[in-house]
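S.K.: Just need the structure, nothing else, for what follows:
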Amino acid sequence: MLLFTCLTLASVVGARAQAADSTRQQLQALQTHIEQVTRQLEAAQGERGKLTAELRRAEEAIAHAATALRDTRKRLAGQRAKLDRLDRRAATEQQAVQGEVDALRAQIIAAYRMGREPAIKLFLNQQGPARLGRMLAYYDYLNQARAADIAQARKALAELIATRRQAAAQRRQLQATLNAQRAKQTALQQAENRRRIALSKLDRIIVSKRTRLANLQENEKRLQKLLSSVRQTVVSDASLNALSQRPFGQLRGRLPWPTAGTLAVRFNTPRSGSGGTLRWQGVFINAPKGQAVHAIDAGRVVFANWLSGYGLLLIIDHGHGYMSLYGHTQAIYRGVGTWVRAGETVASVGDSGGRRTQGLYFAIRHNGAPLDPSRWCGGRP
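M.R.: Numbering: from 1, shown residues only. The predicted model follows:
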């Protein structure tokens, strides 16, 4: 019976693993298809498409540099902590060595003073045999103790030397990491400059209200098509139950905001440049570039890529038809198919997608229909 149960569990786990792999492959195939369609649209749009592609490449380079810089900073913090531990350990070992040296010095001085009279005097100073035996035993004890102290001092000194060598090696690694950090900061700045140039060129082309409206409509259609494709691809997975204590639909009004900031644009307000034809289907939170963006609830990443009009966009499926969207990010830290927990850092605030202001586009959808985030997230961002 036990064997049958184990085999059944193994088959269930194996089936779930295969289903998860299949879903991940489907999502990655979908993302590849979307990239191909995006590039085809860019090619069909002539000069505007070329500049959009240039903007995309610059913002992807920014994301790569920002992610590398974040990883370097984490590694730098770890190295500094390790170096601090080594320095504290070296200071402790230095004190131990100094203590051994001081004790050994005192013992040698005492032995010298006691041994200034020749040992023959011990035999001729009218002392009894019992006292003579005790004195000889004492001398032997002192010699043994001295030898032990010398060995202990040598051991402490060797440990101190080894610790200082480790600290020196750690300092060299720290300096190398600092140099790498400076190089990544330079790469980030260069990518930012390329983005600024591409955005200026793009703005000179999109000048008329008609062109801006057409651009906004294209972006909105592209997002709707993406969400529709994702909904058809995503399958339910029991792993979500282990990550989230309650279904997403029961968390209305109690979800956290993904990042701290000021609510600059509210849900359902008219889009600028659309003449009131299009409305915001999410909100925009003004926040500093590089600030952490957190998943509002547990789920699975179903899209993590650049999308025209939304920049670097992350979409998380929370099950039962609910999805959360995080757009205009500077960098995305979780890939397609990965599971995330509530509150986990998944991206950083940015201005990708050609935005002039820094912040986060945040939206919640249910079966593709937009929901007001302010009714789902408690308090203020």
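S.K.: Am I right that residue 317 is in a strand?
M.R.: Yes: applying DSSP: H, G, I helix; E, B strand; the rest coil, one finds residue 317 inside a strand.
S.K.: gap between it and residue 374?
M.R.: According to C-beta to C-beta, to the nearest Å, residue 317 stands 22 Å off from residue 374. For glycine as for every other residue, the C-beta is placed from the backbone atoms N, C-alpha and C.
S.K.: Could you do residue 355 as well?
M.R.: 21 Å.
S.K.: now do residue 346
M.R.: Distance of residue 346 to residue 374, computed by C-beta to C-beta: 21 Å.
S.K.: Specify which residue of the two has the higher count of neighbours.
M.R.: More neighbours surround residue 346 than the other of residue 346 and residue 374, with 25 against 16 (other C-beta atoms under 10 Å).
S.K.: Is the more buried one part of a helix or strand, or is it coil?
M.R.: Per three-state DSSP, residue 346 ends up strand.
S.K.: What residues does it make contact with?
M.R.: 293, 294, 295, 301, 314, 316, 326, 332, 333, 334, 340 (C-beta atoms under 8 Å, 6 or more residues apart in numbering).
S.K.: If we use 7 Å, what do you get?
M.R.: Each residue near residue 346 by C-beta atoms under 7 Å, 6 or more residues apart in numbering is listed here: 293, 294, 295, 314, 333, 334, 340.
S.K.: got the residue ranges for the helices in the stretch 51-200 of the chain?
M.R.: Per DSSP state H, counting those that start in this stretch, the stretch 51-200 of the chain carries helices over the ranges 120-124, 129-205.
S.K.: Any chance of JSON lines for those helices, columns distance to residue 263, mean pLDDT and mean neighbour count?
M.R.: Formatted as JSON lines, those follow (distance: least, C-beta to C-beta, whole Å; pLDDT from 0 to 100; neighbours: other C-beta atoms under 10 Å):
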{"stretch": "helix 120-124", "distance to residue 263": "95", "mean pLDDT": "53", "mean neighbour count": "10"}
{"stretch": "helix 129-205", "distance to residue 263": "25", "mean pLDDT": "74", "mean neighbour count": "14"}
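S.K.: Looking at those, which is nearest to residue 74?
M.R.: helix 129-205 (10.3 Å; C-beta to C-beta).
S.K.: Check which helices and strands the closest one sits against.
M.R.: With contacts taken as 3 or more C-beta pairs under 7 Å, 6 or more residues apart in numbering; DSSP states H and E, helix 129-205 sits against helix 47-114.
S.K.: Give the other helices and strands that the helix it packs on contacts.
M.R.: Packing contacts for helix 47-114, counted by 3+ C-beta pairs under 7 Å, 6+ apart, involve helix 2-44, helix 129-205, strand 299-307, strand 311-319, strand 322-332.
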